[in-house]
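here are the coordinates; sequence isn't available:
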């Protein structure tokens, strides 16, 4: 009798597994980050783990201040914003040599808070969005909710950069959805304008 109940349980489990297999096949593959994206640059509010081998007093998790600096024992304020983790590592190595013979340093971004983009205009939830990973224009438009009734989806513009160096990148939602225009990844500080 016990074998029959075990067989029944195994049969149910096997049915559940087989039912899940088609769903797994339909799941879209994870988005790959294209090679042409720039390396990640540390920004204000990011949280870094700075580890100095064999020196627990120098090893710590620290936020990047709004002015782009981090504070470390012996070194005081160190510029971090605008550097890649490897560039910051090199800067720390150069400064630590004065205090520690042959220092070994690692810099890891543990929390991303500076990857912010904005969506303004004819969407139901305009605003500033803090991203945890690279995102495309379509990804961010989805975060901003539905288009309003009179949104000009074919005249969306992404503003990138500041001042005279500001670029206006056109984005035609309808053409991207139909596949005749490419979707692209946003960069920190980009503004998506939906007229």
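Looks like it came in fine. Just so it is clear, the model here is predicted, and its values are computed rather than measured.

C-alpha from now on. contacts and neighbour counts both.
Will do.

give me the domain ranges for the chain.
47-111, 116-194 (automatic domain parsing).

nearest to residue 39, out of the ones you listed?
domain 47-111 (6.9 Å; Cα to Cα).

please enumerate the helices of the protein.
With DSSP state H as the criterion, the chain has helices at 2-26, 85-96, 137-143, 173-178.

now distance to residue 36 and mean neighbour count too, for the domains of the chain, in TSV please.
Shown next, in TSV, are the domains of the chain (distance: least, Cα to Cα, whole Å; neighbours: other Cα atoms under 10 Å):
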stretch	distance to residue 36	mean neighbour count
domain 47-111	16	16
domain 116-194	10	16
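
got a list of what the residue nearest to the spatial centre of the chain touches?
Within the chain, the residue whose C-alpha comes closest to the C-alpha centroid is residue 133; the distance, by Cα atoms, centre = their mean, is 1.8 Å. Neighbour list for residue 133: residue 115 [criterion: Cα atoms under 8 Å, 6 or more residues apart in numbering].

quick one, grab the pLDDT at it.
Turning to residue 133, the model gives it a pLDDT of 90.

any idea how far residue 40 is from it?
10 Å (Cα to Cα, to the nearest Å).

can you check residue 172 too?
27 Å.

circling back to that earlier point, mean pLDDT for the helices of the chain: which is lowest?
helix 2-26 (a mean of 51).

before we move on, the earlier item: look up phi and psi at the residue nearest to the centre of the chain.
With angles defined as degrees, to the nearest 10, residue 133 sits at phi -150, psi 170.

separation between it and residue 111?
Counting by Cα to Cα, the gap from residue 133 to residue 111 is 10 Å.

now the strands for the protein?
Along the chain, the stretches classed as strands by DSSP state E are 47-52, 60-63, 69-72, 76-79, 105-111, 116-121, 127-130, 156-160, 167-171, 191-194.

spit out the contact partners of residue 152.
194, 195.

ditto for residue 131
112, 113, 115, 116, 117.

next one: residue 104
52, 53, 93.

which one of the residues you listed is nearest to residue 156?
Of all these, residue 156 sits closest to residue 93, with 45.0 Å by Cα to Cα.

tell me the contacts of that closest one?
Counted by Cα under 8 Å, 6+ apart, residue 93 has contacts 103, 104, 105.

before we move on, what about residue 180?
Residue 180 touches nothing, counting by Cα under 8 Å, 6+ apart.

any idea how far it is from residue 106?
44 Å.
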